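Peer 1: Here's a sequence, model it:
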Amino acid sequence: MKRLAIYLLMLLCITGVSAQGPLTLADINIRDPFIYADAATKTYYMYSSATGAKIDPSSRSVRGGVIVYKSKDLKHWSEAKTVMTLPDDNWITGKVWAPEMHAYKGKYYLFATINTHLVWKGGKNNGVPYTYRGTQIFHADSPEGPFHAFEDKMPATPIDEMALDGTLWEEDGQPYLIYCHEWVEVNDGAIKIRPLEKDLSKPTGAPTRLFCASAAEWVTKKETMVTDGCFLYRNAAGKLLMIWSSFTEQGYAVGYARSTTGKLLGPWEHQQEPFYRKHGGHAMIFKSFDNKLHMILHAPNSPGGAERAVIIDIEDTEDGIRATRP
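Peer 2: Model prediction:
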């Protein structure tokens, strides 16, 4: 009986630890992390791409998906849960990149960049052909999904553009998709906006370009310049900011721009120096339940398993944001 009691006590202890979350950020390999802080349940949801599985072993096609980790304190995280797997009959069923989850009008929307094996206009990276991609929007009744495709199962970005990293913003009651037009196609990567239906089910108009990567002084000027990871935030002073990623001589970095009019169409004024230059990027901003402001990004930018989520304490300033703790 004594041994049984000790065993049960150990089991309870293990179960208790698991309930709080057995993982830390150091345990989780993740690129392009996105956190949704759910005020109703006081739970943080961190979304990540799921490793794609081959639909047919003899095919190059992959069916990707999205997973989520949960936390109550930003330190201890649950095991991953699948919240979306691409439908069999989706427009493409490739790997998924850079998922974002937004609560909007009582629903939950997942923005995900979907890749295919289709080679795009002959472009190559270190001899490997670039493949087509675009951002698609999925919907659910809970931040834990399951997320479903809209009826047409098509991207919200233009089908004739190499596009990625879509995010959501509402202005004057109109929802917009903000996304990156890939440098793979246009060399000088761009950030564009496109109006959406009120239920985010499809686009309602043509895209408008806001700016190109070359507009920022901190971006290394070369033949091709990247725009990645756009995310919008209005600070306490009412300034509309956009953080986004590109490359400096030191590597991947995060910069931000400020709309001089406070509107999406700008014009956009770029900071002279990057906000974060430590070989990491694709950031977003969220507020914790103790009312503190944070930025999360991945670092280092080294595909292959080394990437981890990094949370930086930030605060609003009169004109923008600044880091208070790395």
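
Peer 1: what about residue 26, is that helix, strand or coil?
Peer 2: Taking DSSP: H, G, I helix; E, B strand; the rest coil as the rule, one finds residue 26 in the helix state.

Peer 1: which residues does it contact?
Peer 2: By C-beta atoms under 8 Å, 6 or more residues apart in numbering, the residues touching residue 26 are residue 308. Placement of C-beta: from N, CA and C, glycine included.

Peer 1: For it, give its distance to residue 308.
Peer 2: 6 Å (C-beta to C-beta, to the nearest Å).

Peer 1: again, but for residue 103
Peer 2: 26 Å.

Peer 1: So for those two, which sits in the more crowded spot?
Peer 2: Neighbours per residue (other C-beta atoms under 10 Å) separate residue 103 from residue 308, with residue 308 holding more: 19 against 15.

Peer 1: Now do the same contact list for the more buried one.
Peer 2: 25, 26, 28, 29, 30, 298, 299.

Peer 1: Tell me the confidence at it?
Peer 2: Residue 308 carries a pLDDT value of 97.

Peer 1: what pairs with it across the strands?
Peer 2: On the basis of DSSP bridges, residue 308 takes part in beta bridges with residue 299.

Peer 1: what stretches of the stretch 101-250 of the chain score poorly on pLDDT?
Peer 2: Across the stretch 101-250 of the chain, the ranges flagged by pLDDT under 70 are 122-127.

Peer 1: now the helices: where do they sit in it?
Peer 2: Under the criterion DSSP state H, counting those that start in this stretch, the stretch 101-250 of the chain contains helices at 183-186.

Peer 1: tell me the secondary structure for the nearest residue to residue 288 once chain neighbours are set aside?
Peer 2: Distances taken as C-beta to C-beta, 6 or more residues apart in numbering put residue 294 closest to residue 288, at 6.0 Å, once the chain neighbours are dropped. When the structure is split into helix, strand and coil by three-state DSSP, residue 294 lands in strand.

Peer 1: Can you give me the neighbour number for residue 294?
Peer 2: Other residues near residue 294 come to 19 when the count uses other C-beta under 10 Å.
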